[in-house]
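> Pasting the sequence and the predicted model now:
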Amino acid sequence: MERDPSLDGLLDLDGQVLVVDSETRHWVRFVAHRVPVSKARPHGIEYSLTLHGPEGERLVGFDNAHAVKGQAGPGGKAGLALDHRHRLKTVRPYLYRDAATLVADFWATVDAVLRERGVIP
């Protein structure tokens, strides 16, 4: 795999918590660190980028930190911990390209959810 020049920027965000709107108490958290390259994490990082609402509830999340069910319902079995995104109550696969695209996709989704909630115009 080619070296991702934007990866250092993502890794520098590790541990950062940013308030995106102090009046409505929405905030984001970044977790990103190197891990051994594996089938579940072929890009060699484990990450979790999340937007939280006023009560701390996760509204948006991009991560590869846990397994995702292959299908809905009680018969759905968890698979590998692959890249995916949470948006409100839905979970969908996410195609990881590079760290810069991940961060841009995260902020675009954050903006969309904050607009839907009337937090930003």
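Thanks, I have the structure now. Numbering: from 1, shown residues only.

> Direction included, what does the lowest-mean-pLDDT helix or strand in the chain pair up with?
In the chain, the helix or strand scored least confidently by mean pLDDT, DSSP states H and E is strand 90-93, which has a mean of 89. Using DSSP bridges, strand 90-93 pairs in its sheet with strand 84-87 (antiparallel).

> Flag the shaky bits of the protein, pLDDT-wise.
Within the chain, the ranges that satisfy pLDDT under 70 run 1, 65-81.

> Could you rerun that using 90?
1-4, 37-43, 64-83, 88-89, 91-93 (pLDDT under 90).

> do you know how far the residue sitting nearest the centre point of it is from Ala40?
The centre of the chain sits closest to Phe62, judged by C-alpha atoms, centre = their mean, with a distance of 1.6 Å. Plainly put, Phe62 is 15 Å away from Ala40 if you go by C-beta to C-beta, to the nearest Å. In short, each C-beta sits where N, CA and C put it, glycine included.
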